[in-house]
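1. Let's see this in three dimensions:
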Amino acid sequence: MSTDYSHADIGIVAALPMELSAFLGRCERPNRYKAGGLVFRGGRYDGIRVAVVEAGMGFVRARKATSALIDGHSPDWVLSCGFSGALLPEMQIGQIVMANSIVDQHGQELRQTLNAASNPAGGLYVGRILTADEMIRTVDEKRELAEKHGAIAVDLESLAVAQIARERHKNFMAIRVISDDMSADLPPEVLSVVGSTGAIRFGAALGSLVKRPESAKEMWHLRGNAKAAAESLATFLDGVVHQLCTGR
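-> Numbers count the residues shown, from 1 in each chain. All right, here's what the predicted structure looks like:
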C-alpha cells in the first residue's frame, strides 16, 4: 500500500516566512515548492506530516492560501499561526495566544471550542483575537481596539483562515505569538519597509535611513523580537502538533 505524500496531518497558514522558520527548521525531510503564486513548505515532524503555506499579509491573501492548502494537502487540522500584537499591557514578547473567539472590525465573529486556560505566568493567554484590516502600529490604537472589541491580541489573518476551515469542515485552531508588545509604538517605517508578502523593500529601507537614521536601530530591535517570537512559537507548536496527532 503506497503512502499518500500529498496528504498532511496538519496544515499551517502563516503570513511571513520568518514566522514558521524556526518550526520548519525542526522538521525532517523539508521541502519547498511554489503553486498558484504561493510558497508551500513542509516535512515530517516526528513522523507527523506538516504542510505550511506562506500567505502574505492580510485577509484576502489568507483566504486564498487556506483554500489552496486544503485543496493541495487535505489536512486533518488547519492552524493559523504567526505573529500578533499585544492588546494587554502585561503581555510580553514571545508569549503565546490561543483563540477561543476571533472577530474583525466589521462585527464578524467565530467562536472556538478550546480546552485550554490562560496561564500568564507560563506565558500562555487564551481569549479573543482581533483580525484587523491593517497593521496596528501605535499603543494608542491598541488600547482603543482592546476596549472596543474585548480582544487580547491582534493579527491580520486568523479570521480569514477560520472562515475557510469552517466552510471546508476542517478542524481549526489559531495560535499566535506576541512579536510586539504595548511598551512602545512600532517604528513608522515598518508600514513602508515591510511589503505585503513580508519581503523587505530595500528602496524604502534606504529612504528611511536617509530621513531618520535612528530607524535602523529600531528596525534591528524589531527583527530581534520577531526572531525570539518565532523560536517561542516553534517550541509551543512542538507540543501542539504531538497532542493533535496522538492516537493516529
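
2. residue closest to the middle of the chain?
-> Nearest residue to the geometric centre of the chain (Cα atoms, centre = their mean): Gly82, 1.8 Å.

3. I figured that residue hits Pro17, correct?
-> No. Proximity of Gly82 to Pro17 does not meet the contact threshold set by Cβ atoms under 8 Å, at 10.4 Å. For glycine as for every other residue, the C-beta is placed from the backbone atoms N, C-alpha and C.

4. Ala184 - that's part of a helix, no?
-> No. Secondary structure of Ala184 (DSSP: H, G, I helix; E, B strand; the rest coil): coil, not part of a helix.

5. Would you agree it is in contact with Val139?
-> Yes. With contact taken as Cβ under 8 Å, Ala184 and Val139 are classed as touching, separated by 6.9 Å.

6. more neighbours, the two?
-> When Ala184 is set against Val139 and neighbours are counted by other Cβ atoms under 10 Å, the residue ahead is Val139, at 18 against 11.

7. what number of residues lie near the closest residue to the more buried one other than its chain neighbours?
-> Counting by Cβ to Cβ, 6 or more residues apart in numbering, the nearest residue to Val139 once its immediate chain neighbours are dropped is Met182, at 5.2 Å. When neighbours are defined as other Cβ under 10 Å, Met182 has 20 of them.

8. dump the residue contacts of Met182.
-> In this structure, Met182 makes contact with Ala86, Leu87, Leu88, Pro89, Met91, Val139, Lys142, Arg143, judged by Cβ atoms under 8 Å, 6 or more residues apart in numbering.

9. Considering those, which possesses the most neighbours?
-> In terms of neighbour count, Leu87 stands highest of the contacts of Met182 at 29 neighbours, by other Cβ under 10 Å.

10. From Leu145, how far off is that one?
-> When Cβ to Cβ, to the nearest Å is the yardstick, Leu87 and Leu145 sit 6 Å from each other.

11. next one: Lys170
-> Computed with Cβ to Cβ, the distance linking Lys170 and Leu145 is 28 Å.

12. pLDDT weak spots in the chain?
-> Scanning the chain for pLDDT under 70 picks out 1-5, 189-220, 247-248.

13. Tell me which stretches of it form strands.
-> Assigned by DSSP state E, the strands in the chain fall at 10-14, 28-35, 38-45, 48-54, 77-86, 96-104, 109-111, 124-131, 153-155, 171-180.

14. remind me, longest helix of the chain?
-> Looking across the chain with DSSP state H, the single longest helix is helix 215-244.

15. Distance from it to the middle of the chain?
-> Its chain's average C-alpha position is 10 Å from that of helix 215-244, according to Cα atoms, centre = their mean, to the nearest Å.

16. Also stretch 125-138?
-> Offset of stretch 125-138 from its chain centre (Cα atoms, centre = their mean): 11 Å.
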